[in-house]
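K.L.:
sequence and predicted model, in that order:
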Amino acid sequence: MSRLDPARYPHLLAPLALGAHALRNRIAHASITTRLSANRRVSDALIQYYANRARGGAGLIVTEPVSAARFQQAPQKVRVWDAKSEPGLARWAEAVEREDCRLLAQLQDPGRGRHERGRNPEAVGASALPDDLSWTVPHVLSIGDIERMIADFAASSRRLQRCGFSGVELSAAHGHLFHQFLSPWMNVREDRYGGELSGRCRLLAELIAAIRSACGSGFLLGLKLPGDDGIEASVDPSEAARIAGLLAATRDIDYLCFAQGAHAASLDRHIPDLHGPRAPYVALTQALKAAVPGVPVMALGLITDPAEADAILARGAADLIGLGRPLIADPAWGLKSSQGRAADIRYCVSCNSCWAAITEHRALGCDNNPRVGRTDEVDWWPVPAPRRKRIVVVGTGIAGLEAAWIAAARGHDVIAFGAGSELGGKTRLLTALPGGEGLSSIYDYQALAGKKAGLRLELGVRASADEVRGFAPDGVVVACGATMIWPRELPQSWREDGVVPDLRACVAQLLGFTEPQSGTAVLFDMDATEGTYASAQYLRGLFDRVVIVTPRDRIAEDVPLVNRLGIIRRFAQAGIDVMTLGRIGADSCLEDGLLRVRNVYTGTLQEIADVVLLTYATPRAPDLAAIEAFASIAPEFHVIGDAYAPASTMAATAHGHRTGNLI
Ligand SMILES: Cc1cc2nc3c(=O)[nH]c(=O)nc-3n(C[C@H](O)[C@H](O)[C@H](O)COP(=O)(O)O)c2cc1C
């Protein structure tokens with residue numbers, strides 16, 4: 001019997017005839033840049049990442065983009081245009097294809113687009129027009145350049161085929177080069193590759209024909225297209241339907257998939273988060289499917305749950321389900337779904353830390369999967385410890401819980417104390433704020449795994465050192481978090497009077513309030529992370545006006561660009577005001593609701609009237625004395641998560657994970 005049991009999700013796990021191939025199910029891994037290649041070649045780490053997703057149940061995998069034309073030199077991409085990569089490509093294909101999973105390499109070029117800061121000096125493009133996000137003006141591809149690129153892409157496709165790949169996906173979405181040719185906003189060429197629809201589609205049509213001619217009809221050819229790029233006078237849904245219809249008429253395309261957003265203010269739409277609806281592209285995908293009768297269509301975008309995926313297929317909105325981030329979070333998503341173990345999935349929490357990692361030139365990582373790409377990643381369960389120990393964990397935030405469940409699953413006798421009445425620490429508060437709901441999947445998984453492993457939880461108990469000592473533990477893990485530092489610029493008297501609470505305390509108190517509050521709430525922002533802006537949005541739902549004051553020149557600097565743009569969009573829509581380069585200090589005076597804000601460079605004062613709430617978000621610091629009290633209770637002592645050094649959610653899960661495996 002197949003390891004995948006179609007009775008669970010009959011539509012999701014049903015086979016699909018795709019071109020000359022039969023997919024074992026409808027689960028497709030969407031292209032994800034991993035930064036796991038080495039020196040432009042296939043690495044063991046790269047192969048492992050993809051083999052894990054194939055072993056975990058995907059029926060089709062689209063790789064990250066590879067360098068298929070000679071001008072493509074990006075260091076993170078595997079070079080396919082020369083023969084040197086062939087042994088690596090063959091190992092890559094074999095590792096995935098032997099799991100009954102079809103492997104397709106993604107071919108694209110970013111063109112003038114750039115996610116990093118600054119301009120891209122190597123950019124090529126359709127026209128000498130600035131990118132809408134980075135303002136890069138590309139080198140314009142001549143007709144000769146285009147012809148050479150098409151020839152290279154076709155030759156590289158043939159090489160991939162010889163090495164065992166089942167096909168390629170051309171990405172003409174996300175604002176990349178082919179998208180730039182399709183868009184009347186980005187392409188103002190006057191030669192045969194511009195102008196009317198057929199001119200703008202010509203490059204792709206010729207590329208498709210060249211690949212078909214080089215690789216034959218058995219080679220899978222998928223196409224990722226813009227469904228709505230969110231740029232005025234560019235590719236809206238009706239233009240997308242015309243483009244898809246024209247290209248599908250070539251009869252050379254085996255499946256189509258539609259993305260949204262582009263390299264522009266709409267970038268946040270290309271990786272949708274929980275500030276909008278779930279599965280936000282599905283309705284549009286279904287509408288566009290009507291423009292391409294007979295061509296299988298992949299639904300994509302914030303589809304995280306197998307039941308949701310099955311329902312999309314059941315109602316005929318799509319033929320395949322593309323999963324990007326959900327398969328980063330859990331490569332065994334398909335396997336667990338098929339075994340009736342959907343609750344065991346470590347779900348994608350839509351935080352986009354993965355995107356931040358790769359755009360900041362780090363290897364792919366995940367807040368809810370500390371083992372991305374490891375050899376034992378698929379359906380991982382802890383390895384038993386050589387000797388059972390008694391362990392006390394102080395703190396049931398995500399760092400503490402991760403350590404606790406793993407230690408328990410390794411056979412230790414573990415008890416975890418949480419000061420709050422519920423699990424999750426500060427993450428729990430974030431889940432109550434706009435866009436944060438998905439984060440609960442982190443501690444929900446940990447709690448369930450802990451329950452299976454026999455973890456004992458004592459909630460609502462702030463355990464003292466004496467209580468912990470009473471257990472005569474072999475090991476103590478302190479994961480009691482950290483609190484926001486009082487901004488020392490503010491008058492000390494405000495601290496003593498307790499009139500200015502930290503943002504976390506403030507939001508915790510206000511949760512559940514539904515009465516509108518008249519007046520202005522001011523948030524002094526020295527934090528720049530996501531939770532602060534979700535809190536501001538929450539406050540805006542209650543107060544007449546919300547003003548963020550920051551000493552920096554911009555807000556949300558420590559948030560992935562893709563999320564930052566969403567924050568800027570929502571702030572504009574909600575009318576949240578931002579005062580940059582502002583300091584609140586001893587001369588700010590908070591009398592009769594009047595707050596003075598000093599410019600950090602000029603000292604000029606600006607006034608905010610009718611202030612009824614002043615709160616602050618600052619970097620956090622652990623309570624060292626409280627931690628020290630637990631230091632010499634047991635032979636083993638670990639301080640983890642924010643209690644060790646306040647950092648990101650990804651760092652907290654990873655630290656807890658390492659500690660649970662070490663103890
Ligand atoms: C970390 C990360 C890297 C990505 N890299 C690529 C890429 O190289 N090529 C591409 O076409 N799409 C890329 N995408 C977009 C995904 O393929 C997909 O369209 C998007 O994540 C929405 O699907 P999801 O909600 O299932 O994640 C990337 C997305 C993420 C989160």
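P.N.:
Sure, I can see it.

K.L.:
pretty sure Asp273 contacts Arg564?
P.N.:
No: if you go by CB atoms under 8 Å, Asp273 and Arg564 don't touch, sitting 11.6 Å apart. For every residue, glycine as well, the C-beta is placed using N, CA and C.

K.L.:
what's the span of stretch 208-223 from first residue to last?
P.N.:
Using CA to CA, to the nearest Å, the end-to-end distance of stretch 208-223 comes to 9 Å.

K.L.:
hmm, it in reach of the ligand?
P.N.:
No: between stretch 208-223 and the ligand, judged by CB under 6 Å from any ligand atom, nothing touches; the nearest distance is 10.6 Å.

K.L.:
try stretch 358-372
P.N.:
Yes: interface with the ligand: stretch 358-372 contributes Ile358 (CB under 6 Å from any ligand atom).

K.L.:
minimum distance to the ligand, which residue of the protein gives it?
P.N.:
Gly324 (2.7 Å; CB to the nearest ligand atom).

K.L.:
give me the neighbour count for that residue.
P.N.:
22 (other CB atoms under 10 Å).

K.L.:
distance-wise, check it relative to Ala22.
P.N.:
24 Å (CB to CB, to the nearest Å).

K.L.:
helix, strand, or coil at Trp92?
P.N.:
helix (DSSP: H, G, I helix; E, B strand; the rest coil).

K.L.:
what's around it, how many residues?
P.N.:
Neighbour count of Trp92, defined by other CB under 10 Å: 26.

K.L.:
and it, what does it touch?
P.N.:
Val42, Leu46, Ile47, Tyr50, Thr63, Leu103, Cys163 (CB atoms under 8 Å, 6 or more residues apart in numbering).

K.L.:
so for it, what's the pLDDT?
P.N.:
With respect to pLDDT, Trp92 scores 98.

K.L.:
now do Met1
P.N.:
So, for Met1, pLDDT stands at 35.

K.L.:
kindly report the same for Pro121.
P.N.:
pLDDT at Pro121 comes out at 86.

K.L.:
three-state assignment of it?
P.N.:
Once three-state DSSP is applied, Pro121 turns out coil.

K.L.:
can you report how many residues lie near it?
P.N.:
Residues contacting Pro121 under the criterion other CB under 10 Å number 8.

K.L.:
now do the one 10 residues further on
P.N.:
Asp131 sits with 24 neighbouring residues when counted by other CB under 10 Å.

K.L.:
figure out how far the worst-scoring helix or strand of the chain on mean pLDDT is from the centre of its chain.
P.N.:
Across the helices and strands of the chain, mean confidence by mean pLDDT, DSSP states H and E is lowest for strand 590-591: a mean of 80. Averaging C-alpha positions (CA atoms, centre = their mean, to the nearest Å) puts strand 590-591 42 Å from its chain's average.

K.L.:
neighbouring strands of the next helix or strand after it in the sheet, and parallel or not?
P.N.:
For strand 590-591, the following helix or strand on the C-terminal side (DSSP states H and E) is strand 594-599. Here strand 594-599 is paired, per DSSP bridges, with strand 582-583 (antiparallel), strand 590-591 (antiparallel), strand 605-608 (antiparallel).

K.L.:
which other residues reach the second one?
P.N.:
By CB under 8 Å, 6+ apart, the residues outside strand 590-591 that reach it are Trp494, Val499, Val611, Leu614.

K.L.:
likewise the last one?
P.N.:
With contacts defined as CB under 8 Å, 6+ apart, strand 605-608 is touched by 520, 522, 547, 549, 579, 582, 587, 594-599.

K.L.:
now do the buried residues in that strand.
P.N.:
Ile608 (16 or more other CB atoms under 10 Å).

K.L.:
rounded mean pLDDT for it, please.
P.N.:
94.

K.L.:
starting at the chain centroid, how far to that strand?
P.N.:
Distance, stretch centre to chain centre, for strand 605-608: 38 Å (CA atoms, centre = their mean).
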